[in-house]
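Novice: Return a 3D structure for these sequence lines:
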Amino acid sequence: MISPEFSTAVTLLLYGSASVAGLAGIVARAPLWRKIGCTLAVVGFACQTFMLFMGFHKALPGGLSAGAYFQLMAWFVVLCGIAAWAKLRQEIPLVFATPLGLMLFAMSAPYLASVVQVPPSLTTSFYALHIGSLFLSLALLALAFAAGALFLFIEGRIKSKLTMKGFWLDMPALSMLDKINAIATMVGFPLYTLGIVSGLIWAKPVFGGTVTGDPKEVISIVIWLFYSVLFHNRITQGWKGRKPAQLAVFVFILCLFSIIVVNTFMETHHAFIRR
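Specialist: The predicted structure is shown next:
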């Protein structure tokens, strides 16, 4: 039987190697190293998928690693990078997604031995839908953020008539970055909405009401409002280029605040780490 410690170490090694190879391939302008990095990321993703399947299958219903949410978020981030590589033939999203996935996965390592009991309320189908759709939407938003940030930087250099040199010449075209932003938004916002709605439905029997005033609920609604503006204007106003890039960056920063500050440091029943 493969131990959780061993599978964690292998996944960390693969994601770490993929990150180094991919980023080195960008800096050195070496397509082969970028390809090696992407391939290692896929192998690491497969290893993590097996690890998650075995971990959840063994743990539920019962005990679950305290860092399971970080592992799941890392999985969705790398999944989105792989999807962009497979469907759009773009290596850059996966090269950038892998270090983020590595960081999130590494954050779960200190809590590997810490197991918490899973209450019945966290094993319902609505809770699974709530978590799955939200995490996937956040991973897509991370992709939109990366594409938006790159778009703004490259467009700024072009408008300032600054010469693009070195690895910047290998970055995707502005039209491709806008396309990645658009796809991530058009898929991500409905998923985020589904996550919010399923969470409200799940919360009623668990907490006695759909809205409890929890800090996470408040920030999630604020994020939804800004996210909806991005989604709505993409559809109705034909937003392209700079405006959706700026808003995607802003919405993702709000999400980082929600995850890093609210989920980790504030009193909330949405806390990732439960000791």
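
Novice: going forward, measure contacts and count neighbours with C-alpha atoms only.
Specialist: Will do.

Novice: Distance check, the residue of the chain positioned farthest from its centre against Ile154.
Specialist: The centre of the chain is farthest from one residue, Lys161, which by CA atoms, centre = their mean lies 33.6 Å away. Counting by CA to CA, to the nearest Å, the separation of Lys161 from Ile154 is 11 Å.

Novice: now swap in Tyr192 and tell me
Specialist: Separation of Tyr192 from Ile154 (CA to CA) stands at 29 Å.

Novice: Among those two, which residue is more densely surrounded?
Specialist: Using other CA atoms under 10 Å as the criterion, Tyr192 and Ile154 rank with Tyr192 on top: 27 against 20.

Novice: so where does that one fall, helix or strand?
Specialist: If you go by DSSP states H and E, Tyr192 is part of helix 174-207.

Novice: ok, now Thr163?
Specialist: Counting by DSSP H and E, Thr163 is part of no helix or strand.

Novice: any idea which element the closest residue to it other than its chain neighbours lies in?
Specialist: Closest residue to Thr163 apart from its sequence neighbours, by CA to CA, 6 or more residues apart in numbering: Arg157 at 7.4 Å. Assigned by DSSP H and E, Arg157 belongs to helix 125-159.

Novice: and that helix with helix 174-207, angle?
Specialist: With axes from the mean of the first three to the mean of the last three CA atoms, to 10 degrees as the basis, helix 125-159 and helix 174-207 are set at 150 degrees to each other.

Novice: where does this protein have low pLDDT?
Specialist: For the chain, the stretches with pLDDT under 70 are 1-4, 55-66, 110-125, 202-213, 263, 266-275.

Novice: let's see it at 50
Specialist: Scanning the chain with the threshold set as pLDDT under 50 gives 61-63, 274-275.

Novice: which residue ranges form the strands in it?
Specialist: Secondary structure of the chain (DSSP state E): strands at 63-65, 115-117.

Novice: what phi and what psi does the backbone show at Gln237?
Specialist: With angles defined as degrees, to the nearest 10, Gln237 sits at phi -100, psi 0.

Novice: contacting residues for Leu100?
Specialist: Contacts for Leu100 were tallied using CA atoms under 8 Å, 6 or more residues apart in numbering; they are 74, 77.

Novice: what's the distance between it and Gln246?
Specialist: Shown here: Leu100 relative to Gln246, a distance of 21 Å by CA to CA.

Novice: Could I get the buried residue list for stretch 6-22?
Specialist: When burial is assessed from 16 or more other CA atoms under 10 Å, stretch 6-22 yields the following buried residues: 7-8, 11-12, 14-22.

Novice: thinking again about what came up before, neighbours around the residue nearest to Thr163, how many?
Specialist: Close neighbours of Arg157, defined as other CA under 10 Å, add up to 12.

Novice: The chain should start at 292 in everything you say after this.
Specialist: Sure thing, new numbering starts at 292, so read that last one as Arg448.
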